[in-house]
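Asks: give me a model of this one.
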Amino acid sequence: MVNTKPQKREKKRRFKRLPKGPNGCIELLLIQSVNQLGKQGDVVEVKSGYANNYLLPQGLATIATEHHKRMVEKHREQLREIERQRLSSLRDIADEIARQSVTIEANSNDEGHLYGSVGAPEIVSSLKQTGVTLTTDQVRLEGPLRELGLYTVKIYLHQEITADLKVWVVPTADEGTK
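Replies: Below is the predicted model:
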């Protein structure tokens, strides 16, 4: 006789269970330095959502197995040298940025108030013309620049490295002929 009972299906797990650390969170080894979390080679504990949705897919961390920990210890001096070289090149870029000033033209009224505002994208595009490539999140403004004048803007290159950039906001050339 044929068995007509439906058989139970085994549930397949979509994700592998990640190992938990002593505090109950996921234990990961950082492949790259992550702001507010740790430096390259550190073993950190994070919530599972942060690990599964950001650190692991972005390639910033890996599961902290004993093998990975041994490999990091073995190559720690080499990693330090790479980080020193990277910081040295970032300091050179910071010195280059500090020596420069950027001029941005904007439409303004007679009192010097801008019709719009100057923000990080405008500063990044004007710096790109001088040969320095940055992202908009590296430019730190207290708020958009809404008046003509000279401003000092912080450029964030690394946790330890910032540079001050002089930004001139001037009226557009065709306004002077009116």
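Asks: who's in contact with stretch 101-113?
Replies: The contact list for stretch 101-113, computed with C-beta atoms under 8 Å, 6 or more residues apart in numbering, reads 114-116, 118, 122-123, 126-127, 130, 146-149, 165-173, 175. For glycine as for every other residue, the C-beta is placed from the backbone atoms N, C-alpha and C.
Asks: count of neighbours near residue 82?
Replies: By the criterion of other C-beta atoms under 10 Å, residue 82 has 12 neighbours.
Asks: any idea which helix or strand carries it?
Replies: Secondary structure assigned from DSSP states H and E places residue 82 in helix 66-99.
Asks: just how off-centre is that helix within its chain?
Replies: Relative to the chain's own centre, helix 66-99 is displaced by 16 Å; criterion: C-alpha atoms, centre = their mean, to the nearest Å.
Asks: mind starting the numbering at 44 from now?
Replies: Shifting the count to begin at 44 puts that one at helix 109-142.
Asks: low-confidence ranges in the chain?
Replies: 44-46, 48-59, 218-221 (pLDDT under 70).
Asks: what residue spans form the domains of it?
Replies: The record's domain split for the chain, according to automatic domain parsing, is 69-132, 138-218.
Asks: save those domains as JSON lines, and put in distance to residue 62 too.
Replies: Written out in JSON lines, the entries for the domains of the chain read as follows (distance: least, C-beta to C-beta, whole Å):
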{"stretch": "domain 69-132", "distance to residue 62": "6"}
{"stretch": "domain 138-218", "distance to residue 62": "28"}
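Asks: list the buried residues of the helix holding residue 125.
Replies: 111, 115, 136-137, 140 (16 or more other C-beta atoms under 10 Å).
Asks: in this protein, which spans are helices?
Replies: Ranges of helices within the chain are 91-93, 109-142, 163-172, based on DSSP state H.
Asks: to residue 204, which of the ones you listed lies closest?
Replies: helix 109-142 (5.0 Å; C-beta to C-beta).
Asks: longest strand of this structure?
Replies: strand 205-214 (DSSP state E).
Asks: between that one and helix 163-172, how many degrees?
Replies: Strand 205-214 and helix 163-172 meet at an angle of 100 degrees, taking axes from the mean of the first three to the mean of the last three C-alpha atoms, to 10 degrees as the criterion.
Asks: what residues of strand 205-214 count as buried?
Replies: For strand 205-214, the buried set under the neighbour-count rule, 16+ other C-beta under 10 Å, comprises 206, 208, 210, 212, 214.
Asks: can you list the strands that that strand pairs with?
Replies: On the basis of DSSP bridges, the sheet neighbours of strand 205-214 come out as strand 144-149 (parallel), strand 192-199 (antiparallel).
Asks: who's in contact with the closest residue to residue 75 other than its chain neighbours?
Replies: The shortest distance from residue 75 to any residue that is not its chain neighbour, by C-beta to C-beta, 6 or more residues apart in numbering, is 5.1 Å, and that residue is residue 103. With contacts defined as C-beta under 8 Å, 6+ apart, the neighbours of residue 103 are 73-75, 77, 97.
Asks: with that, I have no additional questions.
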